[in-house]
Structure formats: structure tokens, C-alpha cells
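S.K.: fold the stuff below for me.
(one chain, ligands or ions: 1)
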Amino acid sequence: SDNRDLNGLSVMVTAGPTTEPIDPVRYITNRSSGKMGYAVADAAARRGARVVLISGPVALNPPPGVEVINVETANEMYSAVMDRFSMVDSVIMSAAVADYKPKITANQKIKKHESTLTIELEKNPDILAQLGKMKERQVLIGFAAETEELVNNAMIKVERKNLDMLVANDVTLPGAGFGTDTNIAKLVFPSGRIVSLPKMDKLSLANHILDELVILRKGKE
Ligand code: C5P
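M.R.: I've put the predicted structure just below:
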């Protein structure tokens, strides 16, 4: 498309999982492929935005015309996002940030001894919730993968994280969520407005999200 309606906008996108080290050779992670965030970054750049993509470890090619910052852990993603937040006008937080990380990362490879091994976990910072507290004129868009009570949980998250929009998807539906090339999403707004989208490829969903971003940006001018 030759639609350059994001010209002049500066958009930060996060994508992929984070990895949380247990020891030098092992980590905890999740099933995020990064495809959704990469599609958003790609579409935003094509529509004329200046895009910085903060990416966890994924097996995807960087979208053309996008500045990519590679990170591994949630804490690294937190720092990368915070460093750039004041320089962007929109954030689309599609990364599947690990909620917990090992409390201690062993310096040496953990040996097998007993029949059970316990790894204590502690909470990672909630990057998006922190942005919600800091935001001034920025538009803040989050994602939520749910397995139950999709709309209820989405409304609670919009409020609690002070978002302008949440993209909620039921990851139990066929054709939605992790690793797939399609998604089935509901766009949830603080007003209570809900847009239920049909199954579509992730690039199309990215463009729907960016259509709403254009409107949300106008509301902040
Ligand atoms: O609360 P929940 O993890 O479902 O919220 C999902 C949204 O919050 C996503 O946009 C995700 O990128 C963001 N998030 C975050 N930091 C965390 C956990 C989630 O920024 N530690």
C-alpha cells in the first residue's frame, strides 16, 4: 500500500518472548514466535512511521526500515523500553514478557543429583504497567493472551495498566495466538467499546491496530 498515514509518528514496538536464565545453558521462556509484533513493526514502517522494535529472541528477519534492538531477558527489555519511551509517541507492547524469572541464576551448569529439583522464581517488572504510570501524551497499546474470561480480563487490564487500547486474543481458539500466522482478536478500549475482529492474518490485524492508533493519536493532539 502507498498509504503513508503514519508519517511523522514515532512508534516503539516490542515483540517475541523473553528468556530468563537458570544457569549458563538453560532458560525459562514461552511459546511466543514474535510474528505479531514483527507484523506490527513492518506495517507501521510501511505506513511511514519511524519504528524501533525491541525484540526478544525470535527466528524472524528484521522488517525493512525498522531499527531493531535485540534483548533476551525481561529486565533487558525493561531498560531498552525505558531508555526510549520519552522519544516516542506510541508504544505497542506485543512482547510476551516472562512473568517470572529464576530468583538465582547459577554461575555453573546445575548438576543432576536428586530426583527432584526446585527452582525458585520471582516476579519480573511489568513493563507496560510502568509505562502506564509514566505516560504523558503517548498512546499505549497492550496485548493479552487469555484462555478464559477474555473480555472481563481485558477490561481489567486496560484499566489497571492505564492503556488506550488492548488487543485481546483467546489463545485456545484454532487459528489464534502463539506461532500461528493468523489471529482472532478483540480490540478493547477504556470507554468499554469493543471491536470483535474475525480470523485474519497477522499483517491484516497489524493494520487494523494501526488504523485505531491513527484515531487515538488524533485524540491526543
Ligand atoms: O498481564 P498480562 O501479562 O496479560 O499483560 C499483557 C501485556 O502486558 C502485554 O502487552 C505484555 O507485553 C505486557 N507485559 C509487560 N511486562 C510484563 C508482563 C506483561 O509489559 N512483565
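S.K.: any idea how far residue 48 is from the spatially closest residue to residue 184 that is not a sequence neighbour?
M.R.: Sequence neighbours aside, residue 176 is the residue nearest to residue 184 in space, at 4.3 Å (criterion: C-beta to C-beta, 6 or more residues apart in numbering). The way it works is simple: take the backbone N, C-alpha and C, and place the C-beta from them, glycine included. Using C-beta to C-beta, to the nearest Å, residue 176 is found at 29 Å from residue 48.
S.K.: do residue 57 as well
M.R.: Using C-beta to C-beta, residue 57 is found at 29 Å from residue 48.
S.K.: now swap in residue 177 and tell me
M.R.: From residue 177 to residue 48 the distance is 29 Å (C-beta to C-beta).
S.K.: who's more crowded, the two?
M.R.: Taking other C-beta atoms under 10 Å, residue 177 and residue 48 do not tie; residue 177 has more neighbours (22 against 16).
S.K.: excluding chain neighbours, what is closest to the more buried one?
M.R.: Of all residues not flanking residue 177 in the chain, residue 171 sits nearest, at 3.3 Å (C-beta to C-beta, 6+ apart).
S.K.: where do the strands of the chain begin and end?
M.R.: 10-15, 20-23, 26-28, 50-55, 67-70, 90-93, 100-102, 121-123, 139-146, 165-170, 182-183, 185-188, 194-196, 200-201 (DSSP state E).
S.K.: average pLDDT for the first one?
M.R.: Pointing back at strand 10-15 there. For strand 10-15, mean pLDDT is 98.
S.K.: just for this protein, where's the confidence low?
M.R.: Scanning the chain for pLDDT under 70 picks out 1-2.
S.K.: now do residue 77: how many residues are near it, please.
M.R.: Applying other C-beta under 10 Å, we find 26 residues neighbouring residue 77.
S.K.: ok, it - contacts?
M.R.: Applying C-beta atoms under 8 Å, 6 or more residues apart in numbering, we find residue 77 in contact with 14, 18, 54, 56, 71, 95, 97, 127.
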